[in-house]
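J.: Here is my input, please return the structure:
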Amino acid sequence: MRRIKQKKLMELIDVVRRGLDDVICHGGMLETMQTVIHEYLNAFEIIEKSVMTDFSEKKQKEYQNISRGIRNGFNKITSLISHDKLDEDSDINVHNLEIDKALAEIRSDLGKMQHKLAGEEEIQYLLLFLPYKASMWDSMESVWLAACRDPRCTVFVAPIPYFDRKPDGTFGDMHYEGGRMPDYVDIVDCMQLDLEQLMPEVIYFHNPYDEHNYVTSVHPAFYSRELKKYTDLLVYLFYFVPGAYESAESAAVSFQTTGMWNADLIIAQSEVHKALMEANGNAAEKIAVLGSPKLDYVLNHLGECQVLGNWKNKLKDRKVFLVCSSVGTFLGDKNTIEQYDALLGWLIYICHAAVIYRPHPLLESTIKTMRPWQYDRYMEFVEKYLQCEYFILDHMEDPMPSICASSCMISDYSSLCFTYAVTGKPVAVSSHNGVPPTDECYYAFDYRGVDFIALTGWTADGEAPESLKGFVQGVMDGEDSGKGRRMELLMKSVVNLDGTSGEKIHKYALGRLEGSLS
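T.: Numbering: from 1, shown residues only. Sure thing, here's the model as predicted:
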């Protein structure tokens, strides 16, 4: 039996119980009671038919015992209120007491059935996962895997289309990335789903911005306010790993979104993360601190990492630097392209390292939409390094090949550098210009143990900033003296950092549904 049907049956039991209670409390002419009791008997027969057909044979026997008592009670009342059973010598008071007693017994047995149905172990659930960018599937995968392992669950993954925004804010090209999802994930066509008919018990989504994103928009049919109409539990999973915030107000752009307002459940990775969301107006009761599926993804895939065959010749025996760039830095610093150009050239030609460059999945479209005058310069920068022997441009949805093949990471402040940190490999963050964050910050993910470097301050002859040189030299020498402190801080700051977050999220979500019926 689907949970949605269980819920309707329990509501119907409530209707019958309240109706019988009204009969007890208010009595009524015997000649009208027959019609009323007949209506409630018909309603009970709907309940009885469902519990006797939608469960296993063992369960049916258990419900049968309760049903027998209820049916006997209805039969007794029907007999008592039949006109042919009443004659002039009948004691009406005794007669009515017998009816009231039978009604009370029926109500008691209906209560037993309702209680049993509320705790029913054989209830089935339909879960719907709605990714939009295939590269962000990592924020859902471990929850999806847990759901797939649960015999109570039918699971659908339906990638949803999204639109680029033109500079004037109108919709541009539409994209659909179902074909770019991992081949082990079975997907369904989202446009063929009738959500009103399907009514999934749980919907998971990871784009919280609805129409308020300046760069992209998911299809309006999948805005959170629409999804909320068709499920009992709308769950927001963060598509990124929140890091540090100078104040609760500085987190507003990430934590004050329509998707979060509309969600019934929001998953937090740490207590600090939850506190920041609460400070930004999200109700405490709908936030569960259960960890990060994105971190699960890295931890659970590390053991199967292999360097891609077509990368081996390019990487050869060199130290491999994974260099990442986020959207925020490009929007905030007009010299970012020149800084990354200097960095890549220095690593490849001066340090004799190999470089995997992985820009944020939305970086190119963001520059095109919000910094169109820089778009040609950015594309020239990328094309320039594509000609280099020891350079790889990674536009794959899955970051694991790059994480696996690299010796370390250099990144501006981004979710991926936090994800990378859980591998234990060295990480350098550049957005602080060499100055570590202060102890006054709020750390949803405590990354204070990573190296902090500058990408500004290159000399005229191409000499690198000292903080960058120190980090790179340590990597080239195979030294990582800060690893112990780095791992200790991040392990203390995020819960379930053992690859079990997805399993716990899945169990919590179903438990929340079950608890709503008890």
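J.: what about the longest helix in the protein?
T.: Determined from DSSP state H, the single longest helix within the chain is helix 92-118.
J.: Which other helices and strands does the following helix or strand past that helix contact?
T.: The first helix or strand that comes after helix 92-118 along the chain, using DSSP states H and E, is strand 125-130. Contact partners of strand 125-130 among helices and strands, from 3 or more C-beta pairs under 8 Å, 6 or more residues apart in numbering; DSSP states H and E: helix 141-149, strand 153-157, strand 202-205. Every residue, glycine included, has its C-beta placed from N, CA and C.
J.: on that earlier part again, what mean pLDDT would you report for the longest helix of the chain?
T.: Across helix 92-118, the average pLDDT comes to 86.
J.: what packs against that helix?
T.: Secondary elements touching helix 92-118 (3+ C-beta pairs under 8 Å, 6+ apart): helix 3-26, helix 30-51, helix 57-80.
J.: and the helices and strands packed on strand 125-130, which is most packed in?
T.: strand 202-205 (a mean of 27; mean count of other C-beta atoms under 10 Å).
J.: got any ranges where the stretch 1-150 of the chain has weak pLDDT?
T.: 24-32, 83-95 (pLDDT under 70).
J.: Just to be sure, residue 440 is in a strand?
T.: No: per DSSP: H, G, I helix; E, B strand; the rest coil, residue 440 lies outside any strand segment and is coil.
J.: Without its sequence neighbours, what residue ends up closest to residue 206?
T.: Closest residue to residue 206 apart from its sequence neighbours, by C-beta to C-beta, 6 or more residues apart in numbering: residue 239 at 4.2 Å.
J.: what's near enough to touch the one you found?
T.: Neighbouring residues of residue 239 by C-beta atoms under 8 Å, 6 or more residues apart in numbering: 136, 139, 206-207, 294.
J.: mind listing which of these are in helices?
T.: residue 294.
J.: And the helices and strands packed on helix 92-118: which comes nearest residue 127?
T.: helix 3-26 (10.5 Å; C-beta to C-beta).
J.: ok, and what's touching the closest one?
T.: With contacts defined as C-beta under 8 Å, 6+ apart, helix 3-26 is touched by 33, 36-37, 39-40, 43-44, 46-47, 50-51, 54, 100, 103-104, 106-107, 110-111, 113-114, 117-118, 120, 123-125, 199, 201, 232, 513, 517.
J.: And these, which of them are buried?
T.: 33, 37, 40, 44, 47, 50-51, 54, 103, 106-107, 110, 113-114, 117-118, 120, 123-125, 199, 201, 232, 513, 517 (16 or more other C-beta atoms under 10 Å).
J.: hmm, back to that, would you convert the contacts of residue 239 into JSON lines that also reports distance to residue 490 and neighbour count?
T.: What follows is the contacts of residue 239, written out as JSON lines (distance: C-beta to C-beta, whole Å; neighbours: other C-beta atoms under 10 Å):
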{"residue": "136", "distance to residue 490": "21", "neighbour count": "21"}
{"residue": "139", "distance to residue 490": "18", "neighbour count": "25"}
{"residue": "206", "distance to residue 490": "22", "neighbour count": "23"}
{"residue": "207", "distance to residue 490": "26", "neighbour count": "23"}
{"residue": "294", "distance to residue 490": "13", "neighbour count": "28"}
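J.: Could you identify the most distant pair in the contacts of residue 239?
T.: 207 and 294 (14.4 Å).
J.: quick one, what contacts residue 55?
T.: Taking C-beta under 8 Å, 6+ apart, one finds 1, 63, 120, 122 in contact with residue 55.
J.: quick one: contacts for the residue nearest the centre of the chain?
T.: Taking C-alpha atoms, centre = their mean as the criterion, residue 237 is the residue nearest the geometric centre of the chain, at 2.6 Å. Contact partners of residue 237, counting by C-beta under 8 Å, 6+ apart, are 139-140, 143, 204-206, 267, 293, 505.
J.: Surely residue 427 and residue 420 touch.
T.: Yes: Residue 427 is within contact range of residue 420, at 5.7 Å (criterion: C-beta atoms under 8 Å).
J.: where do the contact lists of the two overlap?
T.: Between them, residue 427 and residue 420 share these contacting residues under C-beta under 8 Å, 6+ apart: 409, 411.
J.: Just list whatever residues bridge to residue 428.
T.: Under DSSP bridges, the beta-bridge partners of residue 428 are residue 410, residue 451.
J.: That one contacts residue 455, doesn't it?
T.: No: when contacts are counted by C-beta under 8 Å, residue 428 is not listed as touching residue 455 (9.8 Å).
J.: shared neighbours, these two?
T.: residue 468.
J.: Show me the shaky parts of the stretch 351-500 of the chain.
T.: Across the stretch 351-500 of the chain (using pLDDT under 70), the flagged ranges come out as 431-435.
J.: Which parts of it are strands?
T.: 354-359, 391-393, 408-411, 427-429, 442-443, 451-452 (DSSP state E, counting those that start in this stretch).
J.: so how far is the fourth one off the chain centroid?
T.: Just to be clear, that refers to strand 427-429. Here strand 427-429 is found 27 Å from its chain centre; the criterion is C-alpha atoms, centre = their mean, to the nearest Å.
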